[in-house]
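Asker: my questions concern the predicted model and sequence given below.
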Amino acid sequence: VQLQASGGGLVQAGGFLRLSCAVSGRTFSRYGWFRQTPGKEREFVVVVSWGGATTSYADFVKGRFTISRDAAKNTVYLQMNSLKPEDTAVYYCAADNGAIVSSNRANFNYWGQGTQVTVSS
């Protein structure tokens, strides 16, 4: 199983980026994005069930970020709009199985390598 995150980069405040997470090897029942800055714990951003029926967003991204998935490509996307400098972080995609769409990183056993997002002011 491999999760390959991509799409990070440098963008000005107010701009946008689209992250991708290509999953190979199998499908899972839930996929999520987390982010981490130096010296801080990895924090939850968003999670989606593979069927797409259930999503959960962290309050600080509601209305700005949108998660989606392409079942045919086994890929999950994170559209990030209206980016702020405080969104600067390494973004990680994660996956696992379970009946509950969880925001707890301990419930995700499969992780991508991370992609850096930097938002300048």
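Answerer: It's in.

Asker: would you map the helices across the protein?
Answerer: Counting by DSSP state H, the chain forms no helices at all.

Asker: and the residue nearest the centre of it, what does it touch?
Answerer: With distances taken as C-alpha atoms, centre = their mean, the residue of the chain nearest its centroid is W33 (2.3 Å). Contact partners of W33, counting by C-beta atoms under 8 Å, 6 or more residues apart in numbering, are 19, 21, 45-47, 67, 76, 78, 91-94. No exception for glycine: its C-beta is placed from N, CA and C like everyone else's.

Asker: so of those residues, which ones are in strands?
Answerer: Here DSSP state E is the test, and those give 19, 21, 45-47, 67, 76, 78, 91-94 as lying in strands.

Asker: most neighbours, which of those?
Answerer: C93 (30 neighbours; other C-beta atoms under 10 Å).

Asker: per-residue confidence at that residue?
Answerer: C93 carries a pLDDT value of 97.

Asker: what bridges to it?
Answerer: Per DSSP bridges, the residues bridged to C93 are W33.
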